[in-house]
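A.B. asks: Sequence and predicted structure, then a few things I'm wondering about:
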Amino acid sequence: MTARSAVTTALTAARHAAATGALPDLDDVVTLLSCRGDDLVELQSVAAGLRDEGLVSAGRAGRITYSRKVFIPLTRLCRDRCHYCTFVTVPGKLRREGHGMYLELDQVVALAQQGAALGCKEALFTLGDRPEDRWPEAGEWLAARGYSSTLDYVRAASVAVLERTGLLPHLNPGVMSLDELTWLRPVAPSMGMMLETTARRLFTDKGQPHHGSPDKDPLVRLRVLRDAGEARVPFTTGILVGIGENLTERAESLLAMAEIHRTYGHIQEVIVQNFRAKPDTAMRGVPDAEMSEFLAAVAVARVVMGPDVAIQAPPNLVSHEECAALIASGIADWGGVSPLTPDHVNPERPWPNLDTLAELTARCGFTLTERITAEPPYVLDRGTWIDDGLAGHVEALADPVTGLAVDTRPVARNLPVHGRSCTSSTRVTP
Ligand SMILES: O=c1nc2n(C[C@H](O)[C@H](O)[C@H](O)CO)c3cc(O)ccc3cc-2c(=O)[nH]1
Ligand SMILES: C[C@H]1O[C@@H](n2cnc3c(N)ncnc32)[C@H](O)[C@@H]1O
Ligand code: MET
Ligand code: SF4
């Protein structure tokens with residue numbers, strides 16, 4: 001049981017953070033993460049107030065956003081083996097099911113075209129990390145088509161989607177180097193990678209969920225967050241709540257993202273995602289994060305990140321009632337929602353229908369509003385944040401005043417020649 005005085009001090013620190021932008025210290029953040037009952041209600045009201053203030057100053061008071069997207073699981077092979085993941089698979093299984101090691105370019109374009117017809121504006125590329133390092137079949141598949149690496153193929157697939165459909169790629173391929181981020185920037189207005197957690201023991205210790213997953217070393221992932229800032233890429237990151245991290249580690253993770261964002265200003269969204277146990281995984285017996293603990297994490301993310309960063313929680317991982325509680329805890333965004341494709345990371349959790357989502361958002365006093373893959377501030381300051389070669393694609397889908405999505409269907413559009421291919425100076429062969 002947290003001492004009353006500690007809670008009072010921490011809530012004062014939260015209000016102080018909300019009023020001045022000062023980061024609360026680690027102890028206070030830990031205490032805030034443990035708030036329950038009336039204390040949690042008070043914390044939520046600080047967080048929601050901060051969100052509302054941010055929306056007012058951004059000129060979109062009362063709007064909660066989402067991105068209408070198609071999910072493109074370019075490959076489900078991966079060199080990592082996270083204990084909570086059902087997305088990952090192996091070559092033999094793909095073969096038995098009649099699937100290739102990767103989606104073919106034509107399959108990618110077909111998905112994006114179907115999405116475009118439904119008004120989707122984002123093509124979310126989520127895939128396993130560098131499968132060619134572990135699976136010869138992956139390297140052979142790429143080589144047979146002239147690609148040197150998975151990221152090389154990601155780039156080609158992004159170009160195909162941009163040029164043949166007009167959808168905007170959001171790249172979520174796992175760990176990337178500074179060179180790779182720089183090389184991919186001309187083909188995607190935004191990218192992302194969950195920090196997951198800064199708890200290194202979950203990576204170093206046998207039996208822990210990130211053991212055997214080199215791309216989940218927090219030191220590597222923190223480096224990626226900084227490199228994305230150096231490369232001026234609007235970047236989505238976040239934490240996975242309930243994978244075995246303790247409250248101190250959760251607090252450290254939130255403070256680490258806030259500190260990096262203070263240096264570079266590139267963190268467009270912080271996803272607070274609740275771990276969901278899946279039947280076929282090593283973590284099948286681990287209980288899902290408890291709701292009040294999850295809500296406290298959402299509210300603290302808001303307090304720590306401040307009024308301007310979109311705090312995002314997916315609407316398909318909780319019930320409709322719990323969605324209302326997420327709004328009360330300070331979220332500003334539901335993330336990507338698809339009228340076409342499932343959430344391949346959480347395939348057992350269907351998306352709410354967009355009308356239902358609009359209705360439950362409205363019941364909380366907010367208007368569900370479509371955005372594009374890059375968050376409005378980055379769209380509006382695109383000279384700084386988005387490659388010039390993407391200006392035509394972005395301007396076709398975003399409102400010049402608000403930076404939000406316009407009500408239209410994407411149309412195919414060529415990239416300038418320099419963006420399509422890669423010059424020898426920017427080409428990297430990982
Ligand atoms: O459907 C999903 N979308 C996920 N997204 C997509 C996200 O909802 C949107 O693509 C972004 O908000 C951009 O619009 C992620 C994006 C990232 O950059 C990093 C992690 C995720 C995680 C998920 C996920 O688990 N499921
Ligand atoms: C794409 C992102 O999805 C998240 N992710 C992966 N597996 C699960 C799960 N079982 N429950 C919730 N989120 C998960 C990770 O945070 C990953 O980075
Ligand atoms: C399906 S997981 C999402 C992308 C990447 N493999 C990561 O874990 O960061
Ligand atoms: S979560 Fe990402 S890195 Fe981990 S096994 Fe799944 S696909 Fe690979």
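C.D. replies: On my side now, so go ahead. Numbers count the residues shown, from 1 in each chain. Ligands and ions are numbered 1, 2, ... in the order given.
A.B. asks: Look at the closest residue to ligand 1 within the stretch 1-150 of the chain and report its pLDDT.
C.D. replies: Closest approach between the stretch 1-150 of the chain and ligand 1, counting by CB to the nearest ligand atom: residue 67, at 3.6 Å. Every residue, glycine included, has its C-beta placed from N, CA and C. Looking at residue 67, its pLDDT reads 98.
A.B. asks: residues contacting it?
C.D. replies: 121-122, 170, 335-337, 370-373, 405 (CB atoms under 8 Å, 6 or more residues apart in numbering).
A.B. asks: same question, residue 18
C.D. replies: Taking CB under 8 Å, 6+ apart, one finds 46, 49-50, 303, 307 in contact with residue 18.
A.B. asks: 10 Å instead, please
C.D. replies: 24, 46-47, 49-50, 53, 302-303, 306-307 (CB atoms under 10 Å, 6 or more residues apart in numbering).
A.B. asks: go on, residue 162?
C.D. replies: 112, 123, 168-169, 186-189, 389-390, 392-393, 410, 412-415, 419-420.
A.B. asks: Could you rerun that using 6 Å?
C.D. replies: 393, 415 (CB atoms under 6 Å, 6 or more residues apart in numbering).
A.B. asks: Let me know the helix or strand that it is in.
C.D. replies: helix 150-165 (DSSP states H and E).
A.B. asks: next one: residue 53
C.D. replies: Residue-wise, residue 53 maps onto helix 37-57 under DSSP H and E.
A.B. asks: Let me know the next secondary structure element after that helix.
C.D. replies: strand 63-72.
A.B. asks: The one residue in the stretch 1-150 of the chain that gets nearest to ligand 3: which element?
C.D. replies: Of all residues in the stretch 1-150 of the chain, residue 87 sits closest to ligand 3, at 4.1 Å by CB to the nearest ligand atom. Element membership of residue 87, judged by DSSP H and E, is empty: it is in no helix or strand.
A.B. asks: and if you look at residue 180?
C.D. replies: Going by DSSP H and E, residue 180 is part of helix 178-184.
A.B. asks: Pull the distance from that helix to the chain's centre.
C.D. replies: 18 Å (CA atoms, centre = their mean, to the nearest Å).
A.B. asks: now stretch 143-150
C.D. replies: Using CA atoms, centre = their mean, the offset of stretch 143-150 from its chain centre is 27 Å.
A.B. asks: For it, what does the pLDDT average out to?
C.D. replies: 98.
A.B. asks: quick one, what contacts the closest residue to ligand 2 within the stretch 1-150 of the chain?
C.D. replies: Relative to ligand 2, the nearest point of the stretch 1-150 of the chain is residue 84 (4.0 Å; CB to the nearest ligand atom). Going by CB under 6 Å, 6+ apart, residue 84 touches 209, 275, 281, 283.
A.B. asks: Just give me the neighbour total for the first one.
C.D. replies: Around residue 209 sit 27 other residues, with neighbours defined as other CB atoms under 10 Å.
A.B. asks: Confirm it sits in a helix?
C.D. replies: No. Applying DSSP: H, G, I helix; E, B strand; the rest coil, one finds residue 209 to be coil, outside a helix.
A.B. asks: How many residues are close by residue 266?
C.D. replies: 23.
A.B. asks: any weak-confidence spans in the stretch 251-400 of the chain?
C.D. replies: Within the stretch 251-400 of the chain, no stretch has pLDDT under 70.
A.B. asks: Secondary structure, distance to ligand 3 and neighbour count for the contacts of residue 67 - can I get that in CSV?
C.D. replies: Shown next, in CSV, are those (DSSP: H, G, I helix; E, B strand; the rest coil; distance: CB to the nearest ligand atom, whole Å; neighbours: other CB atoms under 10 Å):
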residue, secondary structure, distance to ligand 3, neighbour count
121, coil, 21, 27
122, strand, 16, 32
170, strand, 12, 25
335, strand, 13, 22
336, strand, 13, 25
337, strand, 17, 22
370, strand, 24, 20
371, strand, 21, 25
372, coil, 21, 30
373, coil, 16, 30
405, strand, 24, 24
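A.B. asks: Just name the closest of those to residue 60, please.
C.D. replies: Nearest to residue 60, judged by CB to CB, of these is residue 371 at 9.4 Å.
A.B. asks: May I have the beta-bridge partners of that closest one?
C.D. replies: Beta-bridge pairing for residue 371 (DSSP bridges): residue 67.
A.B. asks: Right, I'll call it a day here.
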